[in-house]
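>>> Provide a 3D model corresponding to the input given below.
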Amino acid sequence: MSETEVTTAPRPLLLADGRAAARAWSLDPALRHLNHGSFGAVPLVAQERQNQLRAEMERSPVVWFPALPQRIADTRVELADFLRVAPEDLVLVPNASACASVVYAGLTRRHGGEIVVTDHGYGAVTMGAERLARRWGGRVRTARVPLDADEEQAYEALAAEIGEATDLIVLDQITSATARRMPVQRIGAEAQRRGIPLLLDGAHAPGLIAAPLAGVTCDFWVGNLHKWGCAPRGTAALVARGPLREQLHPLIDSWGAADPYPDRFDQQGTVDATAYLAAPTALAFIDSTWGWQTARRYMDDLADYAERVVGAAFAELTGVSSTVDVGMPVPGMRLVRLPAGLAASRVEADALRDRAARELGVEAAFTSFGGAGYLRLSAHVYNTPADYEYFAEACVPVLGEWARTAREQHSAP
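Okay, the predicted model is just below:
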């Protein structure tokens, strides 16, 4: 299919009463919300459930907090079922970065103190790895994985950085900036063969992948339930398997500190854990309204349509293809190359995100990799083809003008 051709638009999902899916959320109708992947969006039923839980907490805090560890333990069982993992392997933490921090705090140097990451890694997680390497007196080795690398090429790039001094491998299951997969199954098998701990950052996986740990060997896996799962923000799962999990402890010691894993994570003092307890409501809403399989298929079809529509608009404007060859693509997310002059760095990409929201009325994800800027498209059930058609018609011409202005400013003496 050529870049000027557009796939058939998928039919928008509706609520049981025939209303648009977006009516189940409280998203501002004055904005186009095209960036579910960054911070998620919480359906009204989950917001209401969390508000009920908070009201219960405030009515009787002395009753609430002593009973909270058991409620969290019960919630873990429900969330483990959704992720298709064993409840005794799973603990709840606020986000994927906090999960990584728990792992970093629990591991000790065994060999040369080297940590292998990739140049696609999420910034906060990579910075945590760098801090751990400094504490160990070691260093971080960065595997350079081309955006268009297939599974074999990506594996070879990673394997080349793994050696006798490697004490930890940190690898994205789905990369944030570049919306691609990594060869987690092959690296998991290699890490196990060499006896090297593997931390998989699956921040985007819950909801996008039905069983994110199926067939994957790793010591630690982290995933945000508040992204594609639509749980209240501050809800993430850490799955730990094998003997190293006994070294993991909450970042803040509380009265459960002497308990075994995973129980010691269920008691965290006076934190507001209502996001955890309301998470199953969000997951159940998607499941009961459309079914997760239908939701995932729609999100992927819509992301594909969005890539074609928006990509064609940029190509027509610039005369240059905006198609991005992602070697290991993921469902529900796509990349479109931006015109030269836009989002050449993470700082510029973030500034463009803020300007687009302010001046174009669009919440969109702009990312940077290798000095090039990209629009990262991420669709959810409340999005419709009209959202991306609007972006193509109304926003792409403006972005083209912003790019032209930026190039002129850069080339000015």
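
>>> roughly how far does the one residue sitting closest to the centre of the chain sit from residue 347?
The residue lying closest to the centre of the chain (Cα atoms, centre = their mean) is residue 204, at 2.8 Å. To residue 347, residue 204 is 22 Å away according to Cβ to Cβ, to the nearest Å. Using the backbone N, CA and C atoms, a C-beta is placed for each residue, glycine as well.

>>> so what's the residue nearest to the centre of the chain closest to, chain neighbours aside?
residue 174 (4.2 Å; Cβ to Cβ, 6 or more residues apart in numbering).

>>> tell me what that neighbour is bridged to.
Assessed by DSSP bridges, residue 174 has beta-bridge partners residue 181.

>>> residues in contact with it?
180, 181, 202, 203, 204, 205, 208, 209, 330, 333 (Cβ atoms under 8 Å, 6 or more residues apart in numbering).

>>> distance check, the fifth one against residue 50.
This points to residue 204. Residue 204 is 22 Å from residue 50, by Cβ to Cβ.

>>> could you give the number of residues near residue 146?
Number of residues near residue 146 (other Cβ atoms under 10 Å) recorded here: 13.

>>> and residue 247, how many residues sit next to it?
When neighbours are counted by other Cβ under 10 Å, residue 247 comes out with 15.

>>> not counting its neighbours along the chain, what's nearest it?
Nearest to residue 247 is residue 106, by Cβ to Cβ, 6+ apart, at 4.1 Å.

>>> likewise for residue 72?
Residue 72 sits nearest to residue 266 (Cβ to Cβ, 6+ apart), 4.4 Å away.

>>> may I have the phi/psi pair for the one you found?
phi -80, psi -10 (degrees, to the nearest 10).

>>> surely it touches residue 73?
Yes - if you go by Cβ atoms under 8 Å, residue 266 and residue 73 touch, sitting 5.1 Å apart.

>>> neighbour count for these two, which is higher?
Using other Cβ under 10 Å, the more surrounded residue of residue 266 and residue 73 is residue 266, with 23 against 17.

>>> tell me who's in contact with that one.
Residue 266 makes contact with 68, 69, 70, 72, 73, 76, 91, 92, 256, 259, according to Cβ under 8 Å, 6+ apart.

>>> which of those are buried?
68, 69, 72, 73, 76, 91, 92, 256 (16 or more other Cβ atoms under 10 Å).

>>> pLDDT weak spots in the protein?
1-7, 412-413 (pLDDT under 70).

>>> and the helices in it?
36-39, 44-59, 61-83, 96-106, 123-136, 151-159, 184-194, 274-289, 292-318, 346-355, 385-390, 396-411 (DSSP state H).

>>> mind checking the ones you listed for the one nearest to residue 237?
Shortest distance between residue 237 and the helices of the chain, using Cβ to Cβ, is found for helix 61-83: 6.1 Å.

>>> show me what the closest one is packed against.
With contacts taken as 3 or more Cβ pairs under 8 Å, 6 or more residues apart in numbering; DSSP states H and E, helix 61-83 sits against helix 44-59, strand 90-93, strand 236-240, helix 274-289.

>>> run through who's touching the shortest one.
Which is strand 90-93. Contacts of strand 90-93 (Cβ under 8 Å, 6+ apart): 72, 75-76, 79-80, 83, 99, 102, 222, 235-240, 248, 250, 261-262, 265-266, 273, 276.

>>> 10 Å instead?
Strand 90-93 is contacted from outside by 72-73, 75-77, 79-80, 83, 99-102, 221-225, 234-240, 245, 248, 250-251, 261-266, 268, 273, 275-277, 279, using Cβ atoms under 10 Å, 6 or more residues apart in numbering.

>>> of the residues you listed, grab the buried ones for PyMOL.
With 16+ other Cβ under 10 Å as the criterion, this PyMOL line picks the buried residues out of the contacts of strand 90-93:
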select buried, resi 72+73+75+76+79+80+83+99+100+101+102+221+222+223+224+225+234+235+236+237+238+239+240+245+248+250+261+262+263+264+265+266+268+273+275+276+277+279
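
>>> from residue 329, how far off is the residue nearest to residue 204?
10 Å.

>>> how does the chain divide up, domain by domain?
Per the record, the chain has its domains at 21-30+290-411, 46-285, by automatic domain parsing.

>>> tabulate those (JSON lines), appending distance to residue 13.
What follows is the domains of the chain, written out as JSON lines (distance: least, Cβ to Cβ, whole Å):
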{"stretch": "domain 21-30+290-411", "distance to residue 13": "5"}
{"stretch": "domain 46-285", "distance to residue 13": "13"}
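
>>> between these, which one is closest to residue 14.
domain 21-30+290-411 (6.3 Å).

>>> just to revisit the earlier point, can you select the buried ones among the contacts of residue 174 for me in PyMOL?
Of those, the buried ones can be selected in PyMOL as follows, counting by 16+ other Cβ under 10 Å:
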select buried, resi 180+181+202+203+204+205+208+209+330+333
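
>>> find residues that contact each of residue 174 and residue 329.
When contacts are counted by Cβ under 10 Å, 6+ apart, the set common to residue 174 and residue 329 consists of 180, 181.

>>> quick one: contacts for the residue nearest to residue 27 when sequence neighbours are not counted?
Among residues not flanking residue 27 along the chain, residue 33 sits closest, at 5.1 Å (Cβ to Cβ, 6+ apart). Residues near residue 33 by Cβ under 10 Å, 6+ apart: 22, 25, 27, 41, 362, 363, 364, 380, 382, 383, 387.

>>> could you verify my assumption that residue 28 touches residue 362?
No - using Cβ atoms under 10 Å, residue 28 is not in contact with residue 362, being 11.5 Å away.

>>> comparing these two, which residue is more hemmed in?
Looking at residue 28 and residue 362 with other Cβ under 10 Å, you find the greater number of neighbours at residue 362, namely 21 against 10.
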